[in-house]
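> Next one to model:
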Amino acid sequence: AEAGATVKVYDGSTRIATVTADSGGHWTYGVTGLANGAHSFAARQIDLAGNESGLSAASTMTVDTVAPSAPSLSASFVDSGASATDKITSATTATLSGTAEAGATVKVYDVSTLIATVTANSSGQWTHNATGLADGAHSFTARQMDIAGNLSAASAARAMTVDTIVAAPSLAASFTDSGASGTDKITNASSAALSGVAEKGAPVQVFDGTTLIASVTANASTGAWSYNATGLANGTHSFTARQTDIAGNLSAASAASTMTVDTIVAAPGLLATFVDSGVSATDKITSATTATLSGTAEAGATVKVYDGSTRIATVTADSGGHWTYGVTGLANGAHSFAARQIDLAGNESGLSAASTMTVDTVAPSAPSLSASFVDSGASATDKITSATTATLSGTAEAGATVKVYDVSTLIATVTANSSGQWTHNAT
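Below is the predicted model:
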């Protein structure tokens with residue numbers, strides 16, 4: 001203004017101050033307590049001669065000290081798993097969006113951590129794609145800062161829980177481990193009780209090898225699950241389980257629990273080897289009182305050996321399935337050897353085919369003998385004759401070999417017929 005001039009200061013039409021320009025024509029006024037709203041400042045001067053000027057050009061400002069309302073916020077994500085409304089998911093992304101004042105700066109938080117700053121468009125719409133969300137609970141809120149710099153309160157929170165990790169469930173197979181060993185997992189049982197622990201309420205898939213055999217649900221309070229596998233076929237079974245947690249994550253397979261079902265066992269082989277003495281080497285009649293019994297069975301099987309209905313030995317087949325038993329002191333008479341096996345699963349076979357022998361250590365009684373010839377000469381009973389032939393005959397055991405002697409000289413060897421009759425013509 002002019003040096004020394006009186007300056008009247010206005011806010012709109014309201015004079016708010018009167019000040020005096022200094023010797024250099026400068027003036028100033030600090031205005032305080034401005035109300036919210038538009039302000040248009042102007043001034044006029046009265047010079048030392050009393051002349052009053054018109055208003056200066058206006059200088060405007062708008063005061064805004066009111067925080068904006070909280071923006072709206074919604075969180076959109078794939079709510080995976082059994083429930084589509086529980087907000088537990090294996091997804092690690094979410095689309096956050098809402099409305100604010102047009103042009104406002106929107107600050108987006110996950111709990112208390114600022115994760116994004118975006119600007120609402122001219123319609124007030126804003127959006128942010130949250131990615132790489134860590135496992136755990138997330139609570140999203142937003143606050144807006146208006147163009148005056150006022151920061152709103154937080155929006156209502158939108159929650160989600162990210163769960164991308166699920167451990168394999170536990171599994172144990174319980175069954176009767178029959179047979180000689182209670183720990184070899186070979187059994188004639190065709191059923192097993194499978195059980196374990198998973199996440200509470202989780203669906204559990206049970207497999208035998210690669211075949212899904214059951215789908216069960218873990219207890220909602222304890223996580224325990226169980227399944228009775230029945231009608232198991234002969235062969236090896238390898239049971240595993242997988243669980244799907246509440247977020248829809250499918251676990252790896254549990255450690256396997258195995259068993260081998262064996263309900264079938266064949267009769268073992270058996271052969272009796274002995275010295276077949278006597279005239280025939282194939283008639284199985286012998287003076288020997290010992291025999292070697294041997295055969296094949298399942299590897300490790302228990303072999304019961306019988307003579308008739310009497311069990312005379314119990315032996316074990318070797319890793320190649322071979323077994324043997326040396327029987328001694330056999331009594332005179334017929335012997336019929338057979339065997340049955342009990343395999344590792346405890347199955348007992350029927351009897352093998354019999355292998356027979358007859359022991360005969362008793363010398364036969366002397367055969368009968370008569371000599372028929374022409375008793376020539378004066379007496380027919382003096383056994384003095386001019387004949388040079390005689391018919392020798394008698395009885396012995398059927399089939400026996402009869403040796404005929406003249407004094408100590410063997411003159412013939414003949415065989416008694418099936419009726420025990422034998423004959424020899426001495427010439």
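
> From T385, how far out is the residue in the chain sticking out farthest from the centre?
Within the chain, A378 marks the point farthest from the mean C-alpha position, 110.7 Å out by Cα atoms, centre = their mean. In this view, A378 and T385 are 12 Å apart by Cβ to Cβ, to the nearest Å. From N, CA and C alone the C-beta is placed, and that goes for glycine too.

> swap in I342?
74 Å.

> which of those two has more neighbours?
Higher neighbour count among I342 and T385: I342, with 19 against 15, using other Cβ atoms under 10 Å.

> For the residue nearest to that one when sequence neighbours are not counted, give me its contacts.
The shortest distance from I342 to any non-neighbouring residue, by Cβ to Cβ, 6 or more residues apart in numbering, is to T302 (4.4 Å). Neighbouring residues of T302 by Cβ atoms under 8 Å, 6 or more residues apart in numbering: A180, T314, V315, T316, A317, Q341, I342.

> Would you point out the most distant pair within the residues you listed?
A180 and V315 (13.1 Å; Cβ to Cβ).

> out of the contacts of T302, which are buried?
Buried members of the contacts of T302, scored by 16 or more other Cβ atoms under 10 Å, are V315, A317, Q341, I342.

> Name the SS class of the residue farthest from the centre of the chain, please.
The three-state assignment at A378 reads coil, by DSSP: H, G, I helix; E, B strand; the rest coil.

> A134 touches V162, doesn't it?
Yes. Look at A134 against V162 with Cβ atoms under 8 Å: they come within range, at 6.6 Å.

> circling back to that earlier point, switch the buried ones among the contacts of T302 over to JSON lines; also include secondary structure.
As requested, the buried ones among the contacts of T302 are exported to JSON lines (three-state DSSP):
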{"residue": "V315", "secondary structure": "strand"}
{"residue": "A317", "secondary structure": "coil"}
{"residue": "Q341", "secondary structure": "strand"}
{"residue": "I342", "secondary structure": "strand"}
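
> ok, those residues vs S59, which is closest?
Nearest to S59 among these, with distances taken as Cβ to Cβ, is I342, at 111.5 Å.

> what about the residue nearest to S122 when sequence neighbours are not counted, which SS state?
Of all residues not flanking S122 in the chain, A102 sits nearest, at 5.3 Å (Cβ to Cβ, 6+ apart). Secondary structure state of A102, per three-state DSSP, is coil.

> count of residues packed around G149?
G149: 10 neighbours (other Cβ under 10 Å).

> what's the overlap in contacts for A134 and V162?
Shared contacts of A134 and V162, counting by Cβ under 8 Å, 6+ apart, come down to T92.

> Comparing these two, which residue is more hemmed in?
Legend: neighbour count by other Cβ under 10 Å for A134 and V162, higher for V162 (20 against 9).

> ok so, going back, beta partners of the residue nearest to I342?
T316, I342 (DSSP bridges).

> Can you check the pLDDT for it?
Note on T302: pLDDT of 97.

> what do you get for S13?
97.

> so D163 touches D245, yeah?
Yes. In this structure D163 lies within contact range of D245 using Cβ under 8 Å: 6.4 Å.

> who has more neighbours, these two?
Between D163 and D245, counting by other Cβ under 10 Å, D245 is the more crowded of the two (25 against 20).

> which residues sit in contact with the more buried one?
G81, D163, V166, E199, A202, S251.

> For it, give its distance to S90.
From D245 to S90 the distance is 8 Å (Cβ to Cβ).

> what do those two both touch?
G81, D163.

> Just list the residues touching L73, thanks.
Applying Cβ under 8 Å, 6+ apart to L73 gives the contacts L96, S97, G98, V108, F140, T141, A142, S155, A156, R158.

> just so I have it, where are all the strands in the stretch 201-350 of the chain?
203-208, 211-217, 224-229, 235-243, 257-261, 271-273, 285-286, 291-296, 302-307, 310-316, 322-327, 333-342 (DSSP state E, counting those that start in this stretch).

> Touching the fourth one from outside, list them.
Just to be clear, that refers to strand 235-243. By Cβ under 8 Å, 6+ apart, strand 235-243 touches 166, 168-169, 171, 173, 192, 194, 196, 198-199, 202-209, 218, 225, 229, 250-261.

> again, 7 Å this time
For strand 235-243, the external contacting residues (Cβ atoms under 7 Å, 6 or more residues apart in numbering) are 166, 168-169, 171, 173, 194, 196, 198-199, 202-209, 250-254, 256-261.

> burial count for R340?
21.

> Correct me if wrong: it contacts N347.
No. At 10.6 Å, R340 does not count as touching N347 under the criterion of Cβ atoms under 7 Å.

> one step back: quick one: which of the contacts of D245 is nearest to D283?
Distances from D283 to the contacts of D245, taken by Cβ to Cβ, are shortest for S251, at 72.1 Å.

> which phi and psi does that closest one have?
Backbone geometry at S251, expressed as degrees, to the nearest 10, gives phi -80, psi 170.

> What's the local residue count around the residue lying closest to V206 once chain neighbours are set aside?
Among residues not flanking V206 along the chain, A214 sits closest, at 4.2 Å (Cβ to Cβ, 6+ apart). Using other Cβ under 10 Å, A214 has 17 other residues around it.

> How much space separates A214 from P203?
For A214, the distance to P203 - Cβ to Cβ - is 11 Å.

> and what of T92?
Taking Cβ to Cβ, one finds T92 at 22 Å from P203.

> Repeat that for T95.
Counting by Cβ to Cβ - T95 and P203 are separated by 29 Å.

> if you count what's nearby, which of those two comes out ahead?
Set T95 next to P203 and count neighbours by other Cβ under 10 Å: P203 wins out with 19 against 13.

> these two touch, right, the more buried one and T244?
Yes. In terms of Cβ under 7 Å, P203 counts as a neighbour of T244; the distance is 4.9 Å.

> Please state the offset of stretch 20-36 from the chain centre?
87 Å (Cα atoms, centre = their mean, to the nearest Å).

> CA atoms of that stretch as CSV?
What follows is stretch 20-36, C-alpha atoms only, in CSV (Å, rounded to 0.1, in the frame of the first residue of the first chain):
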residue,chain,number,x,y,z
THR,A,20,-1.1,0.5,8.8
ALA,A,21,1.4,0.1,6.0
ASP,A,22,5.0,0.8,7.1
SER,A,23,7.3,3.3,5.6
GLY,A,24,8.1,0.9,2.9
GLY,A,25,4.4,0.4,2.1
HIS,A,26,4.3,-3.2,3.6
TRP,A,27,1.6,-4.5,5.8
THR,A,28,0.6,-7.9,7.3
TYR,A,29,-2.1,-9.5,9.4
GLY,A,30,-2.3,-13.0,10.8
VAL,A,31,-5.9,-14.3,10.7
THR,A,32,-6.8,-17.1,13.1
GLY,A,33,-9.8,-19.2,14.1
LEU,A,34,-11.0,-19.5,10.6
ALA,A,35,-14.3,-21.4,10.4
ASN,A,36,-14.8,-24.3,8.1
